[in-house]
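[1] Here is a sequence with its predicted model. Questions after.
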Amino acid sequence: MVGIATDTEAERVAQRLRDGMAGGVLSFPLTSFAPDGSLDPDAYRAYLTGTLATAPGAVFPACGTGEFFSLDEDEYRTVVRATVEAADGRTPVVAGIGYGWAQALRFARIAEEAGADALLVMPHYLTAAPQAGLVEQVRRIAAGTRLPLVAYQRGQVTFSADSLREIAALPTVIGVKDGHSDLDRLQRLTLAAPDGFLFFNGASTAEIQARAYATVGVPAYSSAVHAFAPEIADAFFAALRADDEARLTTLLREFYVPLVELRDRVPGYAVSLVKAAARLRGLPVGPVRAPLADPGPRDLADLEKVLDHGLGLVG
């Protein structure tokens, strides 16, 4: 069993994330695949260099946007290691892990060896589970890795306030990412959490709900748009921090809402459209892997119009 992180180590990582969240969006990079579907490490490194040059608050490789669910362990190792090398200590690296706790720990140990700073514990595979089981899942992962953990509640994972207190009491659990957008429940969680506990807005196209999340004390958010248009993501972030309501409304009405309406046409477009938009900009990310599917010609044409207009809005 790997040694557990000290409170000081977990607190240090939490503070780095807190500082990063105050200065930039949380970036979830795409994973680059070749036309035949194989991992393309060189293309990923080239893409990642551009992503990190925009100074995100933190980078989360091999998570949902990075198609964690389609990577094998060797590919995962390559992706996380490449991200750590590119970040070079300047940007916190939070790697995704998931499935059941035993498999999650296999990925956690790979991420440790690769030099990741922390882990995002994505929802377990397939089955619904009671609160006691959700807590035990996090507890077992925390017991098997020294890295700090951020638990992701989405899909079949929803923590009660009591469960939040239990996982937050574990010395290496430093935060929760929320993808449910139930602000009533989320407010109860933020009130139940200890001081300094981190919360992230992890809703799909999180900018749409960023103002609402901020009202319950969760201003930090992940940005899929940053994966293909950091200019737009950074402009929105700056407007949000400046309380520039006119700018926010324009970006939401003329870019984010049309993008979400396009995203909602087909299941899986939350990733497929992001990757297609990156390709439209000449970024070396390649296609998505099954079970996702790349957009067809009509949706690509509509995406190009939305993207061009969004880029025009930010100059």
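    Thanks, I have the structure now. Residues are numbered from 1 along each chain as shown.
[2] Could you confirm V150 falls within a strand?
    Yes - per DSSP: H, G, I helix; E, B strand; the rest coil, V150 lies within a strand segment.
[3] Counting neighbours, what do you get for it?
    24 (other C-beta atoms under 10 Å). Using the backbone N, CA and C atoms, a C-beta is placed for each residue, glycine as well.
[4] Spatially nearest residue to it (excluding sequence neighbours)?
    Using C-beta to C-beta, 6 or more residues apart in numbering and skipping residues adjacent in sequence, the residue nearest V150 is G175, 4.3 Å away.
[5] Is the one you found bridged to anything, and to what?
    V150, L198 (DSSP bridges).
[6] could we number from 28 for the rest of this?
    Sure, I'll start counting at 28 from here, so that last one is G202.
[7] How about the contacts made by it?
    41, 44, 177-178, 224-227 (C-beta atoms under 8 Å, 6 or more residues apart in numbering).
[8] how close does it get to G50?
    G202 sits 17 Å away from G50, going by C-beta to C-beta, to the nearest Å.
[9] picking up where we left off before, can you tell me which of the contacts of G202 comes closest to A273?
    Of all the contacts of G202, A273 sits closest to F227, with 26.5 Å by C-beta to C-beta.
[10] Just the residues contacting whichever strand or helix holds F134, thanks.
    Mapping F134 onto the secondary structure by DSSP states H and E places it in helix 128-141. Outside of helix 128-141, the residues within contact range by C-beta under 8 Å, 6+ apart are 29, 100, 103-104, 107-108, 111, 122-125, 146, 148, 151, 163-164, 167-168, 171-174.
[11] Strands of this protein, start to end?
    Assigned by DSSP state E, the strands in the chain fall at 53-54, 85-86, 121-124, 145-148, 176-180, 200-205, 225-228, 249-250.
[12] What helices and strands are in contact with the helix-or-strand element of the chain with minimal mean pLDDT?
    In the chain, no helix or strand scores lower on mean pLDDT, DSSP states H and E than helix 34-50, which sits at a mean of 90. Using 3 or more C-beta pairs under 8 Å, 6 or more residues apart in numbering; DSSP states H and E as the contact test, the elements touching helix 34-50 are strand 85-86, strand 200-205, strand 225-228.
[13] Also compute the angle for that helix relative to strand 200-205, please.
    Interaxial angle, helix 34-50 versus strand 200-205 (axes from the mean of the first three to the mean of the last three C-alpha atoms, to 10 degrees): 40 degrees.
[14] Report the inter-axis angle for helix 34-50 versus strand 176-180.
    60 degrees.
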